[in-house]
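# pasting the structure only:
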């Protein structure tokens with residue numbers, strides 16, 4: 001599904017990260033959401049690789065990447081820890097500065113990456129999220145009803161893990177089929193892989209640790225940054241699905257102006273939450289135009305030795 005890409009496993013200081021890379025040109029990192037893997041970009045990653053050196057990863061805890069312990073405060077699955085993994089992956093591939101796009105949880109990793117590593121990210125595209133700092137300080141009935149899993153998955157171990165793993169195929173299908181389209185826009189091969197990963201109890205636990213961290217250490221970091229007036233400073237593209245939770249429940253651009261200082265584009269696409277699966281052509285077009293207008297010179301980078309293929 002990633003024809004022409006090379007699969008690699010890169011050991012960071014915190015986890016072994018599954019990575020696929022392909023193409024030539026300015027480096028572009030793609031980070032998926034929950035409950036996916038790098039395969040969520042498969043419909044247009046090869047097209048992007050015609051102009052960019054595309055790197056797509058499985059976030060720690062997701063896909064086939066390593067699932068380290070979260071720790072007593074769940075900080076092993078903070079967006080800071082996940083962002084550090086991705087920075088080290090790009091460094092190992094020879095990319096000290098790069099473009100990045102993230103969807104859902106990957107977009108939250110990217111938000112933190114832009115704050116913690118501003119010199120690394122030249123341009124950022126954030127797909128279909130509202131900052132968790134805003135969400136958790138402005139909980140509404142509409143958002144809480146639509147995003148019920150945020151509050152379910154943070155319950156103490158192992159209550160949500162047991163329930164989610166009791167019938168994992170049912171749970172993932174129910175979670176993904178939120179619209180009248182159901183699962184129709186998912187490639188059967190990709191959906192089969194998402195289910196395979198979700199049948200692993202360690203993956204389910206890691207996902208819960210991810211959400212637990214969001215309501216604790218991540219929110220603490222975000223609060224300090226917000227109170228200090230820290231924002232994403234690099235050029236930012238915001239995309240969301242017109243019929244998804246962001247499009248229906250939030251004024252995305254108005255909210256994001258409180259968290260980013262250089263928003264170059266903001267657009268609702270004709271889809272729900274899963275932009276790259278539901279509206280791949282529209283998503284590709286927006287990403288390609290945004291990153292092609294960037295300032296990075298074309299190069300493929302020089303991978304460091306010691307990577308496992």
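On my side now, so go ahead. Every value quoted in this text rests on a predicted model; they were computed, and no experiment measured them.
# and the residue most central in space within the chain, what does it touch?
Centroid check for the chain by CA atoms, centre = their mean gives residue 106 as the closest residue, at 1.2 Å. Residue 106 makes contact with 30-33, 59, according to CB atoms under 8 Å, 6 or more residues apart in numbering. (C-beta placed from N, C-alpha, C; glycine too.)
# if you count neighbours, what's buried in stretch 157-169?
Across stretch 157-169, burial judged by 16 or more other CB atoms under 10 Å covers 160-161, 164-165, 168.
# surely the residue nearest to the centre of the chain is within a strand?
No: in this structure, residue 106 is helix, not part of a strand, as judged by DSSP: H, G, I helix; E, B strand; the rest coil.
# and the pLDDT for the closest residue to it other than its chain neighbours?
The shortest distance from residue 106 to any non-neighbouring residue, by CB to CB, 6 or more residues apart in numbering, is to residue 31 (3.0 Å). In this model, residue 31 is scored at 99, pLDDT.
# got any ranges where the protein has weak pLDDT?
Residues of the chain meeting the criterion pLDDT under 70: 297-309.
# picking that back up, okay if I get the buried residues of stretch 157-169 as a markdown table plus secondary structure and distance to residue 152?
Below are the buried residues of stretch 157-169 laid out as a markdown table (DSSP: H, G, I helix; E, B strand; the rest coil; distance: CB to CB, whole Å):
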| residue | secondary structure | distance to residue 152 |
| --- | --- | --- |
| 160 | helix | 6 |
| 161 | helix | 11 |
| 164 | helix | 9 |
| 165 | helix | 13 |
| 168 | helix | 15 |
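# farthest pair within those residues?
160 and 168 (12.3 Å; CB to CB).
# which ones are touching residue 119?
Listed by CB under 8 Å, 6+ apart, the contact set of residue 119 reads residue 97.
# how much space is there between it and residue 235?
From residue 119 across to residue 235, the span is 14 Å (CB to CB, to the nearest Å).
# could you do residue 276 as well?
Taking CB to CB, one finds residue 276 at 21 Å from residue 235.
# span of stretch 22-35 from start to end?
Terminal residues of stretch 22-35 lie 24 Å apart, using CA to CA, to the nearest Å.
# do stretch 55-74 as well
End-to-end span of stretch 55-74 (CA to CA): 27 Å.
# list the buried residues in it.
Here stretch 55-74 shows 55-68, 70, 74 as buried, counting by 16+ other CB under 10 Å.
# among these, which ones are in strands?
55-57 (DSSP state E).
# could the residues you listed go into JSON lines alongside distance to residue 240?
Formatted as JSON lines, these follow (distance: CB to CB, whole Å):
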{"residue": "55", "distance to residue 240": "24"}
{"residue": "56", "distance to residue 240": "21"}
{"residue": "57", "distance to residue 240": "22"}
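# just the closest of those residues to residue 244, please.
Nearest to residue 244 among these, with distances taken as CB to CB, is residue 56, at 21.9 Å.
# of residue 276 and residue 235, who's got more company?
residue 276 (27 against 22; other CB atoms under 10 Å).
# picking up where we left off before, in helices, which of the contacts of residue 106 fall?
Among the contacts of residue 106, no member falls in helices (criterion: DSSP state H).
# quick one: buried ones out of the residues you listed?
Of those, these count as buried by 16+ other CB under 10 Å: 30-33, 59.
# out of these, which one sits closest to residue 286?
Of the buried ones among the contacts of residue 106, the one sitting nearest to residue 286 (CB to CB) turns out to be residue 30, at 13.7 Å.
# isn't the closest one up against residue 52?
No: look at residue 30 against residue 52 with CB atoms under 8 Å: they stay out of range, at 9.8 Å.
# sec struct for residue 238, please.
Going by three-state DSSP: residue 238 is strand.
# what residues are up against it?
Residue 238 touches 125-126, 252-253, 256, 263, 265-267, counting by CB under 8 Å, 6+ apart.
# again, but for residue 277
Per CB under 8 Å, 6+ apart, neighbours of residue 277: 40, 43, 185-187, 190.
# show me where the stretch 101-250 of the chain has its strands.
Counting by DSSP state E, counting those that start in this stretch, the segments of the stretch 101-250 of the chain that form strands are 121-127, 236-241.
# how about CSV for the ones you listed, with distance to residue 133 added?
What follows is the strands of the stretch 101-250 of the chain, written out as CSV (distance: least, CB to CB, whole Å):
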stretch, distance to residue 133
strand 121-127, 14
strand 236-241, 16
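# any idea which of those gets closest to residue 143?
strand 236-241 (13.9 Å).
# note down every partner strand of the closest one and its orientation.
The pairing partners recorded for strand 236-241 under DSSP bridges are strand 121-127 (parallel), strand 263-269 (parallel).
# so which bits of the last one are buried?
For strand 263-269, the buried set under the neighbour-count rule, 16+ other CB under 10 Å, comprises 263-264, 266, 268-269.
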